[in-house]
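Engineer: 3D, please:
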Amino acid sequence: MAGKRVTLADVARRAGLSPTSASMILNGRSDTRLSQDAHDRVIKAAAELGYRPNVAARGLRTDRTDTIGFISDVVATTRFASGLIKGALDRAHDAGHVLIVLETAGEPRREAEAVEAALDRQVDGVIFATMRSRELYVPPVPDGTRVVLLNATNELHPVSILPDEYAGGRAAVDLLAAAGHREGILLLGHNAEKERGLFRSMTVERRFAGIRDAMAEHGLQFMAEESIWLWEPENGYAAMTKLLKRHRSSLRAILALNDRLAFGAQQALTEAGLRVPDDVSIVSFDNDELASYMRPGLTTIALPHEAMGTAAVDAVLDPERTGEILVPMPVVERASIAAPRS
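Structural biologist: Numbering: from 1, shown residues only. Down below sits the predicted model:
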């Protein structure tokens, strides 16, 4: 059975001081006018007794609990997006805060329950995180509670942490152009004409915009654009198998809209006797774990999940931060891009 909780009064009694004096010393007050010996006695007594401050009581005095709620749909149980929570956990720890993680599976009832659970614990702020970037419904939160959207947006809550997808889209095109690719470039995963009027997400739309602006600035055009709604390996493989029947002789490079499509496409290329990057270069997005396992390794524009999680905690702690906070998408260069074959 656990022993009785050590109180501030216990520490004060052992140090031979009043609870008020012991409290001022433990809270780091610089104006205590107490001797160095008194400070040393209190610190020693607290260590010997295993004293832990009563966070709830301190929160009532200071109106802060140094606790942040992290409410997600499936971030905590999804391998790919787990960097969001890792970055948030590490930053909260460095800032001396505790992160309370609550997952809802995207169910409205559980979202409301998660908010209530966080507020019951008097959190200083709440981070709402989503695995896939989207406009997010946020249950009612009391005025004065700092709300930050992570990988999501909400009209009522202006602080949102997002990947800089526009710059990322431009970077992918820049890599192909720098390698000398001028023709025979395939866009795998999206066709603007076929998908006119359809909406994937705000951030993906920005990725498309960055790609098209960079293509125009380099004076490039896609040889073909293949619309694929679900960006999974089997769909990349099937699409690439079909496209090779029409474009094998002219294909020089593939800009795939995520690593899973690129993985399927590379399988189809290998089966067709084409080598990456000697015959066909590939660049993609996300930096999924499988990108590093592909042979050759896949050059990709990474989703900066850990940096986004860090930025979300920083935004909770700094009330001056507002609006969209765009986190750069790093270029991860491996070996899937080369100069086009003659």
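Engineer: Strands of the stretch 51-200 of the chain, start to end?
Structural biologist: For the stretch 51-200 of the chain, the strands defined by DSSP state E, counting those that start in this stretch cover 67-72, 98-103, 125-135, 146-153, 160-163, 185-189.
Engineer: what angle do the helix or strand following the last one and strand 185-189 make?
Structural biologist: It stands for strand 185-189. Once strand 185-189 ends, the next helix or strand along the chain (criterion: DSSP states H and E) is helix 202-217. Helix 202-217 runs at 170 degrees relative to strand 185-189, counting by axes from the mean of the first three to the mean of the last three Cα atoms, to 10 degrees.
Engineer: quick one: low-confidence ranges for the stretch 1-150 of the chain?
Structural biologist: Residues of the stretch 1-150 of the chain that meet the criterion pLDDT under 70 lie in 1-3, 29-31, 53-64, 76-80.
Engineer: Measure how buried the closest residue to Met223 other than its chain neighbours is and give me the count.
Structural biologist: Excluding the flanking residues, the one nearest Met223 by Cβ to Cβ, 6 or more residues apart in numbering is Gly184, at 5.3 Å. Placement of C-beta: from N, CA and C, glycine included. Residues within reach of Gly184, counting by other Cβ atoms under 10 Å, total 19.
Engineer: now the one 5 residues further on
Structural biologist: By the criterion of other Cβ under 10 Å, Gly189 has 29 neighbours.
Engineer: My guess is it contacts Ile228. True?
Structural biologist: Yes. Applying Cβ atoms under 8 Å, one finds Gly189 in contact with Ile228, separated by 4.9 Å.
Engineer: tell me what the helix or strand harbouring Met308 is packed against?
Structural biologist: For Met308, the host element (DSSP H and E) is helix 305-317. Counting contacts by 3 or more Cβ pairs under 8 Å, 6 or more residues apart in numbering; DSSP states H and E, helix 305-317 packs against helix 82-94, strand 125-135, strand 146-153, strand 160-163, strand 324-327.
Engineer: so can I have TSV of those showing distance to Arg200 and mean neighbour count?
Structural biologist: Output for those, formatted as TSV (distance: least, Cβ to Cβ, whole Å; neighbours: other Cβ atoms under 10 Å):
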stretch	distance to Arg200	mean neighbour count
helix 82-94	20	20
strand 125-135	9	22
strand 146-153	14	25
strand 160-163	14	25
strand 324-327	18	18
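Engineer: out of these, which comes closest to Pro108?
Structural biologist: Among the helices and strands packed on helix 305-317, the nearest to Pro108 by Cβ to Cβ is strand 125-135 (12.9 Å).
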